[in-house]
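Student: Structure, please.
(one chain, ligands or ions: 1)
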Amino acid sequence: MPTQLILALDVPSRDVARPLLRQLSGSLPWVKVGLQMFTAYGPDWVKEVADQGFNVFLDLKLHDIPNTVAKSVESLSALPIGMLTLHTAGGRVMMAAAREAQLATKPHLQLLGVTVLTSMDATGLGEIGCGEDAAAQVSRLAHLGSASGLTGFVCSPLEVGMLSQSLPAGTQLVTPGVRPVGADVGDQSRIMTPGDAARAGSTHIVVGRPILKAPDPAAAAHAIMAELEAAG
Ligand SMILES: O=C(O)c1cc(=O)[nH]c(=O)n1[C@@H]1O[C@H](COP(=O)(O)O)[C@@H](O)[C@H]1O
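Tutor: Take a look at the predicted model:
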């Protein structure tokens, strides 16, 4: 299947989001609801996005003790979501507890383990006490996640080639840190273009500001989907 686009709908209000969703309904497969909109509007917003026909990726990056994360997964399983993130840095027991809760409550929900944030570079990793370079740390966390039962990960497109060769076939590799040629990099560090991310093996790419800040966001989203199609 060609690499799918996930729009990171990081906007300040529903009034900003709704017209764009109307324009992209029927063509865009996935919408990511992240902390900005979920903290403002909660589950109602997730339901509204799903009601428009989009698959919803709920990106809350859960990171807590195993019991708290597992109970949160159980609560969130009631929502119409297809993907949900947790931090692999929470460790083996936490990931296994989350996976067990997900399988028991919502078997088709794709749990995604976030590895090393795409905003982090070697300096940032060193500052938090991680002496390894990003690729080595991503590999360590993704393999720990896989051994804990996870079947999907968030990483930068730079690490996708390495992971797709060493993780079980069918593992979902979702990559933010994607910038079309000429787009502002912003706070991202480890980046690739949509076409290169697709050719590297990303199953999904996550793009926010290059679409949201474009003069015509719907046209920008369509251009990225065309680039993915051409690469696939
Ligand atoms: O889990 C994520 O989606 C995520 C992980 C990561 O390592 N880096 C990352 O940028 N993201 C998210 O992906 C989106 C990227 O947005 P833009 O940088 O605006 O394209 C944001 O919503 C981030 O929260």
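Student: count of residues packed around Thr171?
Tutor: A total of 17 residues lie near Thr171 under the criterion other C-beta atoms under 10 Å. C-betas here are computed from N, CA, C, even on glycine.
Student: so how far is Pro29 from the closest residue in space to it that isn't next to it in sequence?
Tutor: Among residues not flanking Thr171 along the chain, Thr151 sits closest, at 5.8 Å (C-beta to C-beta, 6 or more residues apart in numbering). Distance, Thr151 to Pro29, using C-beta to C-beta, to the nearest Å: 19 Å.
Student: Check Leu109 too.
Tutor: Where Pro29 is concerned, Leu109 sits at a distance of 16 Å (C-beta to C-beta).
Student: what's the answer for Pro194, then?
Tutor: According to C-beta to C-beta, Pro194 stands 14 Å off from Pro29.
Student: hmm, back to that, between Leu109 and Pro29, tell me which one has more neighbours.
Tutor: Leu109 (18 against 15).
Student: Which pLDDT value does the model give Gly232?
Tutor: For Gly232, the pLDDT comes out at 78.
Student: residue contacts, Leu5?
Tutor: If a contact means C-beta atoms under 8 Å, 6 or more residues apart in numbering, then Leu5 has Leu28, Pro29, Trp30, Pro194, His204, Ile205, Val207, Ala221, Ile224, Met225, Leu228 as its contacts.
Student: now these: which count as buried?
Tutor: Leu28, Trp30, Pro194, His204, Ile205, Val207, Ala221, Ile224, Met225, Leu228 (16 or more other C-beta atoms under 10 Å).
Student: Run through these and flag the ones next to the ligand.
Tutor: Restricting the buried ones among the contacts of Leu5 to those touching the ligand (C-beta under 6 Å from any ligand atom) yields Val207.
Student: picking that back up, closest one of the contacts of Leu5 to Ala134?
Tutor: The nearest member of the contacts of Leu5 to Ala134, counting by C-beta to C-beta, is Ile205 at 17.9 Å.
Student: Need the three-state assignment for that closest one.
Tutor: Following DSSP: H, G, I helix; E, B strand; the rest coil, we place Ile205 in the strand state.
Student: isn't there a strand covering Phe57?
Tutor: Yes. Counting by three-state DSSP, Phe57 is part of a strand.
Student: hmm, back to that, pretty sure the residue nearest to Thr171 sits against Leu109.
Tutor: No. Here Thr151 does not reach Leu109: they are 10.8 Å apart, not a contact under C-beta atoms under 8 Å.
Student: thinking again about what came up before, in helices, which of the buried ones among the contacts of Leu5 appear?
Tutor: Of these, the ones assigned to helices by DSSP state H are Pro194, Ala221, Ile224, Met225, Leu228.
Student: Can you tell me which residues in the chain are near the ligand?
Tutor: Close to the ligand, as judged by C-beta under 6 Å from any ligand atom, the chain has residues 8, 10, 34, 59, 85, 114, 117-118, 154, 176-177, 186, 188, 206-210.
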